[in-house]
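>>> Predicted structure and sequence below. I'll ask about it afterward.
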Amino acid sequence: AQTVTQSQPEMSVQEAETVTLSCTYDTSESDYYLFWYKQPPSRQMILVIRQEAYKQQNATENRFSVNFQKAAKSFSLKISDSQLGDAAMYFCAYRSAEKETSGSRLTFGEGTQLTVNP
Amino acid sequence: SAVISQKPSRDICQRGTSLTIQCQVDSQVTMMFWYRQQPGQSLTLIATANQGSEATYESGFVIDKFPISRPNLTFSTLTVSNMSPEDSSIYLCSGKQLTEAFFGQGTRLTVV
């Protein structure tokens, strides 16, 4: 079974600075997707960024980028020019790309609570 | 991406009663998922719901306690039955469309 680990329960960053959230995962599969979701106090889960395992290029979405190291099974999220609105719980998630596997469910990490200080 | 409307957003219920949570999607989705989330913690999958078939439950969750309906490709319900204070949690539904997963706004349930 796949597992996702976020070793940082809490992180803080000054507004306008850069912060990196860590995520590692364990899988025997070769084809899969990795995601970062943001959950503000409103509870709405918001997709931040997605990475396909077969793509070597790291995904980027505006101020958000990932460092995907497939061999090391590492998937960190970098937030540049942090804003107050970035404050939230961030979850790393894994999903198999293999059609026969477990109904394509998401496996989530424990989450990292990000605080942005003004 | 699709949008899911989840109701109710919160409720306070008496122990021993049942609550049904509804999720309406604005487009057709192949699979829907129901999660439970304790405050400040990660999401735990309860079950996967496909149209026209019984839901598939994860270890530790049973149909008698969490019956699920999926009458069509845009709607699903989760019922929390015979509630106890241990069922107090946030419940979220999720839909899968192609490679994306998107979520409802969550239901915060308090059992007293």
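Nice, I can see it. Numbers count the residues shown, from 1 in each chain, chains lettered A, B, ... in the order given.
>>> buried sites along the helix or strand of chain B with the lowest mean pLDDT?
Every helix and strand of chain B was ranked by mean pLDDT, DSSP states H and E. The lowest is strand B:100-103, at a mean of 88. Buried residues in strand B:100-103, defined by neighbour count with 16 or more other C-beta atoms under 10 Å in any protein chain shown: B:101-103. Placement of C-beta: from N, CA and C, glycine included.
>>> among those residues, which are in reach of chain A?
B:101-103 (C-beta under 8 Å from any C-beta of the partner chain).
>>> ok, A:Gly109 - contacts?
A:Gly109 makes contact with A:4-6, A:23, A:91-93, B:42, according to C-beta atoms under 8 Å, 6 or more residues apart in numbering or on different chains.
>>> Got a quick ChimeraX command for the buried subset of those residues?
Here is the ChimeraX command that picks out the buried ones among those, judged by 16+ other C-beta under 10 Å:
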select /A:4,6,23,91,92,93 /B:42
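>>> Pipe the ones next to chain A among the buried residues of strand B:100-103 into TSV and attach distance to A:Leu34 per row.
Output for those, formatted as TSV (distance: C-beta to C-beta, whole Å):
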residue	distance to A:Leu34
B:Ala101	12
B:Phe102	17
B:Phe103	17
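>>> Looks like A:Leu84 contacts A:Glu15 (just checking).
Yes - here A:Leu84 reaches A:Glu15: they are 6.3 Å apart, a contact under C-beta atoms under 8 Å.
>>> more neighbours, the two?
A:Glu15 (13 against 10; other C-beta atoms under 10 Å in any protein chain shown).
>>> B:Phe75: what's its closest spatial neighbour, skipping adjacent residues?
In this structure, B:Phe75 finds its nearest non-sequential neighbour in B:Gln24, 5.5 Å apart by C-beta to C-beta, 6 or more residues apart in numbering or on different chains.
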